[in-house]
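Student: Below: sequence and its predicted model.
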Amino acid sequence: MNILILCTGNSCRSQMAHGYFSHFIGGKANIYSAGTVRHGVNPRAITVMKEEGIDISHHTSNLMEEYQDIPFDYILTVCDNAREACPVYPGKGITIHKAFPDPYDAQGTEEEILVIFRGVRDKIKWYSEGLIAGITTRS
């Protein structure tokens, strides 16, 4: 099974979802993440995922065009911009959309910014767990 997770910059939201999907689904699927533009993996996303015991420091920031030739079973968009820009991928992939707030431009002290990142992370975790349960029971 191939799963693609898309957001704008492939920096925060899609990277956190990628981490959770890889962690929860194990070796039952190939997980990819990409963006409409490439911003690099956000260090704060790495930090808050590490707090969960999930290491995404080895992830790369990719563009969705890099995966045009992969037949995806599921294409998940985690922001409205990615949903609008999502190209048609080969195969019969099911597209699922859920927009999450973007922590990328959070303002405040470092601790205030991390609180925002943790909030988004926790929403993505809750959503990912539920979605994975549905996906794995279909397969």
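Tutor: Good, I have the coordinates.

Student: just how off-centre is the strand or helix carrying residue 135 within its chain?
Tutor: Assessed by DSSP states H and E, residue 135 sits inside helix 110-138. When distances are taken as C-alpha atoms, centre = their mean, to the nearest Å, helix 110-138 is centred 9 Å away from the chain's centroid.

Student: other SSEs contacting it?
Tutor: Packed against helix 110-138, as judged by 3 or more C-beta pairs under 8 Å, 6 or more residues apart in numbering; DSSP states H and E, are the following elements: helix 13-25, helix 43-50. For every residue, glycine as well, the C-beta is placed using N, CA and C.

Student: Torsion angles phi and psi at the residue lying farthest from the centre of the chain?
Tutor: Ranked by distance from the centre of the chain (C-alpha atoms, centre = their mean), the top residue is residue 109, with 25.2 Å. Main-chain torsions, residue 109, degrees, to the nearest 10: phi -70, psi 170.

Student: Tell me the spacing between it and residue 5.
Tutor: Distance of residue 109 to residue 5, computed by C-beta to C-beta, to the nearest Å: 30 Å.

Student: contacting residues around residue 27?
Tutor: Neighbour list for residue 27: empty [criterion: C-beta atoms under 8 Å, 6 or more residues apart in numbering].
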